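Participant: Next come a sequence and a model predicted from it.
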Amino acid sequence: MRNWPPTDPEITYFATRRLQSPRTRGVMVNAPALRPASLISLGLAYFVVSAATMRLTRFDGGVAFLWIATAILTARLTTMPMRHWAAPLAICSVASILATSLWGFGPSMALPFAAINMLEGALGAAILHRFAPWRPVLDSHRWLLTFALATGVIAPLTSAALAASILASAAEQPFLRSGLNWYSGHALGTLTFMPIFMLVMRGDAVRLVKQMDQRKLVEFAALVALVGTVTYASFAQDRLPLLFLPILPMVLATFRGGALSTAASIVIVAVIGGALTLQGHGPLALVDAPIGAKMQFLQLYIACAMLTILPANAELQQRACLFRRLRESEARYRLLTENSTDIVINLDVGGRLQFASTSIAQISGFEPDKLIGRRVSRLLHPDDAARAETSFRRIIAEPTKTHVNEYRGVIGGEDVRWFETHSRAVTDDIGNVTGVVSAIRDVSNRKAHEERLARAALTDALTGLANRRGLDEELGARLSTGSGGCVALFDLDHFKRINDTHGHAAGDEVLRRFATLARASVREQDLVARLGGEEFAVVLPEATISQAALVCERLRHAIASTSVQVGESLISVTVSGGVAPYLRNQSSEDILRVADRALYRAKHAGRDQLALAA
């Protein structure tokens, strides 16, 4: 966002206007009615333009070949709520009656033609109100299509049919020719002049000019002057067919100047070309045809010029808005990524880094620029790299889903930390995956807390040994994957007597001492667990029954030869045990049941001894 705000004032204006909802902005909905001075100015403008077009472009007693007055009326109505239309329509009706009475078909036709003209202007404005309410002029293909259908097709076709019917019945003029001339003159006049009138009447033209810096203002003036000069040079001579020549500066004005210069260019070509053609100059003087036919050909020429530059301008306006949104998005994106401890990365479809936020240095120890082009899997723990590759392929295969995964990263070559990734595929306009974007967060503290909770759930709080749940999980894992082993169950003899005689604190100390001696008596891969009360279990994987018996006898003798001092008392305790072998895929309940029966035999045989399962 180093280039914000945009240097092009038209981009700034239209981009700002697009952000405002036409339903809530209130510019048009709450606009006041026209003041008397504005109404008089509107009526006078309508009268002058109507009289001029009838005086200059009406041939052989027919309709005018160019009609601009509807553009003035329709443009004004689009700036007002419909409830205020009565006054503008009334004063323009009076102006139309006067102009038609003086330079048109006379007073007898003035009233019906005024009604038809008002209907045309109101119909075009109503359609724009409904489908393009207060949108910036020429800002999109949708607006342009609505504008063309409303003021270039529906409204002038309706008025042409009505006017041709009246002329055919009252003036005995050919219906088809009158209707065609009326339609072409009204449609072309409105399409040509209405955009510039809308820009002026809405105040957009003045606003856009004020927003231009000196360089842009000079460029705008130069573009308009270039269009006028080339158009005059093309139409002032009558020896060469140079109709193509004005198109070049018009296209340049469209690309460099935006909507204002586009609308101005069309008007300049229409005014200069029309005036010189009426005087018998220009490329159309080479055509051997009446002046009416030449004017119709000029209409076709102007229509083709409009079809060339207006869609281009709409496309440029849309791209300008898209460019603005992209720059705003980039600014937000950089603000978040550069000031967050979370890591944001972009990967190509090969898994190589295309972008990484500055916080990635906490994983790699390198600045982001040093990592561009590297495979992201190299930053992960080796044991997680394959899983990450599989997940990456799944993300690309399911581009509409957000995928959440957890991986380990090696920090500084030694420290291993956990990271949570939220990843989603990036697609182009036609849905092809072009890469992956991921948001990464260090969750090492959370994972450590989860591990502590997991250990707590599997650990006996008093002795620190595994509890019954921990024993079940370990034994279940051994039974499903191991090659066999033994399980021993132990029970402290007469433990209730210790609690009753010396108290529960003494009993707890005896239990803790047994846990210490048991851990010291078994191998590192063996598991010691407290099942509850004074009952314990030892899992001895890959041990034979005779090996397990030796280990358990060593533990029994260690307990018997050790006294626990609690206060001034020395407490001696013995232990009974039962040992049972297990094989892979046996049931843990069955094995513990067999070991428990062996323990039962040891206790009934006099305690302080070990019994082996039969």
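Facilitator: Cool, got the structure. Note that the structure is a prediction, hence the values are computed from the model and not measured.
Participant: same for the host helix or strand of A331, what does it pack against?
Facilitator: Secondary-structure assignment from DSSP states H and E places A331 in helix 291-338. Here helix 291-338 touches helix 9-19, helix 141-149, helix 175-201, helix 247-257, helix 259-278, strand 343-347, going by 3 or more C-beta pairs under 8 Å, 6 or more residues apart in numbering; DSSP states H and E. All C-beta spots, glycine's among them, are computed from the backbone N, C-alpha and C.
Participant: and with 10 Å instead?
Facilitator: Contact here means 3 or more C-beta pairs under 10 Å, 6 or more residues apart in numbering; DSSP states H and E; on that basis helix 291-338 packs against helix 9-19, helix 36-57, helix 141-149, helix 175-201, helix 247-257, helix 259-278, strand 343-347, strand 353-356.
Participant: hey, C-alpha coordinates of the last one in PDB?
Facilitator: The C-alpha coordinates for strand 353-356 follow below in PDB (Å, rounded to 0.1, in the frame of the first residue of the first chain):
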ATOM      1  CA  LEU A 353       7.600 -21.300  -0.900                       C
ATOM      2  CA  GLN A 354       6.400 -18.300  -2.900                       C
ATOM      3  CA  PHE A 355       5.800 -16.000   0.100                       C
ATOM      4  CA  ALA A 356       6.500 -16.200   3.800                       C
END
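Participant: contacting residues around it?
Facilitator: 333, 337, 343-348, 360, 363-364, 366-376, 378-379, 426, 434-438, 440 (C-beta atoms under 10 Å, 6 or more residues apart in numbering).
Participant: Would you state the strands of the protein in chain order?
Facilitator: For the chain, the strands defined by DSSP state E occupy 343-347, 353-356, 403-411, 415-427, 433-442, 485-492, 527-532, 535-541, 563-566, 569-572, 575-582, 610-612.
Participant: Per the annotation, how does this structure divide into domains?
Facilitator: Domain segmentation of the chain under automatic domain parsing yields 36-211, 212-339, 341-448, 459-612.
Participant: and those domains, which one is worst for confidence?
Facilitator: Across the domains of the chain, domain 341-448 has the smallest mean pLDDT, namely a mean of 84.
Participant: For stretch 34-45, buried residues please.
Facilitator: 34, 39, 42-43, 45 (16 or more other C-beta atoms under 10 Å).
Participant: Also stretch 163-183?
Facilitator: So for stretch 163-183, counting by 16+ other C-beta under 10 Å, buried means 163-164, 166-168, 173, 178-179, 181-183.
Participant: Then stretch 203-221?
Facilitator: For stretch 203-221, by 16+ other C-beta under 10 Å, it's 204-205, 208, 212, 216, 219-220.
Participant: could you dump the residues you listed to a markdown table with distance to P581?
Facilitator: Shown next, in a markdown table, are the buried residues of stretch 203-221 (distance: C-beta to C-beta, whole Å):
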| residue | distance to P581 |
| --- | --- |
| D204 | 92 |
| A205 | 97 |
| L208 | 92 |
| M212 | 93 |
| K216 | 92 |
| E219 | 94 |
| F220 | 96 |
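Participant: Would you point out the most distant pair within those?
Facilitator: Spatial extent of the buried residues of stretch 203-221 (C-beta to C-beta) is set by the pair D204 and E219 at 18.4 Å.
Participant: just the buried residues of stretch 163-183 now: which is nearest A259?
Facilitator: So of these, ranked by how close each gets to A259 (C-beta to C-beta), first place is Y183, at 26.2 Å.
Participant: any idea how far K216 is from that closest one?
Facilitator: With distances taken as C-beta to C-beta, to the nearest Å, Y183 is found 39 Å from K216.
Participant: can you check A171 too?
Facilitator: From A171 to K216 the distance is 52 Å (C-beta to C-beta).
Participant: Using PDB, list the CA coordinates for stretch 471-484.
Facilitator: C-alpha atoms of stretch 471-484 as PDB (Å, rounded to 0.1, in the frame of the first residue of the first chain):
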ATOM      1  CA  LEU A 471      -2.300 -50.300  32.100                       C
ATOM      2  CA  ASP A 472      -5.200 -51.200  29.800                       C
ATOM      3  CA  GLU A 473      -3.800 -49.000  27.000                       C
ATOM      4  CA  GLU A 474      -0.200 -50.400  27.300                       C
ATOM      5  CA  LEU A 475      -1.300 -54.000  27.600                       C
ATOM      6  CA  GLY A 476      -3.700 -53.500  24.700                       C
ATOM      7  CA  ALA A 477      -0.900 -52.100  22.500                       C
ATOM      8  CA  ARG A 478       1.500 -55.000  23.500                       C
ATOM      9  CA  LEU A 479      -1.200 -57.600  22.800                       C
ATOM     10  CA  SER A 480      -1.800 -56.200  19.300                       C
ATOM     11  CA  THR A 481       1.800 -55.600  18.200                       C
ATOM     12  CA  GLY A 482       4.100 -57.400  20.600                       C
ATOM     13  CA  SER A 483       5.500 -61.000  20.500                       C
ATOM     14  CA  GLY A 484       4.200 -62.000  23.900                       C
END
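Participant: buried residues in that stretch?
Facilitator: Within stretch 471-484, the residues that qualify as buried are 471-472, 474-475, 478-479, 482, counting by 16+ other C-beta under 10 Å.
Participant: now swap in stretch 520-538 and tell me
Facilitator: So, applying 16+ other C-beta under 10 Å, buried residues of stretch 520-538: 521-522, 526-531, 534-538.
Participant: same thing with stretch 261-274?
Facilitator: Those would be 261-270, 272-274, for stretch 261-274 by 16+ other C-beta under 10 Å.
Participant: Ok, stretch 312-326 next?
Facilitator: 313-314, 316-318, 320-321, 324.
Participant: Going through the contacts of strand 353-356, which ones are buried?
Facilitator: In those, the ones that pass as buried (16+ other C-beta under 10 Å) are 337, 343-347, 360, 363-364, 368, 371, 375-376, 379, 426, 435-438, 440.
Participant: Okay, the closest residue in space to I166 that isn't next to it in sequence and L162: tell me how far apart.
Facilitator: Among residues not flanking I166 along the chain, P112 sits closest, at 5.5 Å (C-beta to C-beta, 6 or more residues apart in numbering). Shown here: P112 relative to L162, a distance of 8 Å by C-beta to C-beta.
Participant: thought T158 was touching L119?
Facilitator: Yes: T158 lies in contact with L119 (C-beta atoms under 10 Å); the separation is 6.9 Å.
Participant: Now do the contacts for the residue nearest to I166.
Facilitator: 100, 105, 162-163, 165-166, 170 are the contacts of P112 under C-beta under 10 Å, 6+ apart.
Participant: re the thing from before, out of the buried residues of stretch 163-183, which comes closest to L599?
Facilitator: Once C-beta to C-beta is applied, the member of the buried residues of stretch 163-183 that ends up nearest L599 is Y183, at 107.1 Å.
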